[in-house]
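> When you get a sec, could you give me coordinates for this:
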Amino acid sequence: MKISTITDYLERRFPQDLASDIDYGKVGFIIGNEDLELKNILLALDLNLAVIHEAIDRDANLIIVHHPFIFHPLTKIHFNDKYGKILRLMFENQISLYVTHTALDVGKGGVNDTLARLLEIKDLNYEIEKDRFLRYGKIEAIFLKDLAIKVKEKFALTGLRLAGNGEQVIRYLGIIGGSGGRESDIDLALTLGLDCYITSEVSLHAAQKAVENNLAIIEVNHGIEKFVFITLAEELKEEFSLEEQIFISKIETDPFITIK
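The predicted model follows:
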């Protein structure tokens with residue numbers, strides 16, 4: 001099986017035209033040779049030097065990452081800097097790179113569908129369309145303080161931030177994996193009448209606006225997006241009989257932890 005078998009499938013499942021404009025030219029097949037025979041696949045949130053070494057150790061010649069590796073055009077490549085070290089190892093070991101990012105965020109069965117399912121959101125509402133990240137729906141009634149504990153446990157977090165009254169009863173919940181804490185995101189959650197909204201990187205003013213309007217906020221690590229790889233790995237294993245050839249990276253690329 002060639003690498004292109006996998007990358008073509010990803011293009012069909014999570015087409016690039018679903019990706020946000022910020023991802024233009026940054027998603028899809030970015031580095032490598034799709035005509036090479038596939039060895040193993042490594043799934044990772046980000047591409048860094050440790051992930052490259054992990055791929056080499058696992059004899060993986062295709063890395064599928066969520067976040068783009070190259071955000072801005074490279075005008076210089078030195079083999080002793082970040083990009084140079086990674087690219088040199090990729091070229092020497094003929095490792096290819098496929099980037100999913102916002103196409104995987106909004107696509108069916110992608111990041112936000114996975115997170116919503118983990119939180120057992122019922123009657124899930126969403127649209128498979130560019131920039132439609134939010135997933136929302138009903139949950140069994142629960143106090144905000146207890147929901148926060150559940151979120152922490154489900155996503156294996158060291159901690160989280162909470163804005164709102166812990167005794168508020170939550171019945172209508174929304175979630176966006178990654179950065180979804182702009183005031184425009186809060187406006188949408190308020191328009192939909194959500195009781196609680198879960199995302200990362202919430203600004204102070206956005207949180208204040210939410211709480212003033214009885215919308216509770218649970219702010220989580222950006223890295224919860226990684227849970228999608230459990231879903232994606234199982235899908236690829238089943239689709240292509242790759243039971244022993246797909247690995248999820250053990251490298252933690254989110255630098256933030258919560259000190260308790």
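> contacts, neighbours, all on C-alpha from now
Fine.
> and the next element down the chain from the strand ranked longest in the chain?
For the chain, the strand with the greatest residue count under DSSP state E is strand 169-179. Where DSSP states H and E defines the elements, the next helix or strand beyond strand 169-179 is helix 183-191.
> Tell me the helices and strands packed up against that next one.
When contacts are defined as 3 or more C-alpha pairs under 8 Å, 6 or more residues apart in numbering; DSSP states H and E, helix 183-191 packs onto helix 204-212.
> Pull out the buried positions in the helix it packs on.
206-208, 210 (16 or more other C-alpha atoms under 10 Å).
> Can you tell me what sits against the longest strand of the chain?
Strand 169-179 has contacts (C-alpha atoms under 8 Å, 6 or more residues apart in numbering) with 105, 111-112, 115-116, 121, 133-144, 147, 189, 193-202, 221-225.
> what lines up beside the helix or strand where Y98 lies in the sheet?
Element membership for Y98, per DSSP H and E: strand 96-99. Paired neighbours of strand 96-99 in the sheet (DSSP bridges): strand 28-31 (antiparallel), strand 60-65 (parallel).
> mind putting the ones you listed in JSON lines, mean neighbour count, distance to E235 and mean pLDDT included?
As requested, the strands paired with strand 96-99 are exported to JSON lines (neighbours: other C-alpha atoms under 10 Å; distance: least, C-alpha to C-alpha, whole Å; pLDDT from 0 to 100):
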{"stretch": "strand 28-31", "mean neighbour count": "20", "distance to E235": "18", "mean pLDDT": "97"}
{"stretch": "strand 60-65", "mean neighbour count": "25", "distance to E235": "14", "mean pLDDT": "98"}
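> Dump those to JSON lines, plus distance to D81.
Listed next are the strands paired with strand 96-99 as JSON lines, based on distance: least, C-alpha to C-alpha, whole Å:
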{"stretch": "strand 28-31", "distance to D81": "18"}
{"stretch": "strand 60-65", "distance to D81": "21"}
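> Out of the ones you listed, flag the one nearest T158.
strand 60-65 (23.4 Å; C-alpha to C-alpha).
> Any idea how far the closest one is from the middle of the chain?
Averaging C-alpha positions (C-alpha atoms, centre = their mean, to the nearest Å) puts strand 60-65 16 Å from its chain's average.
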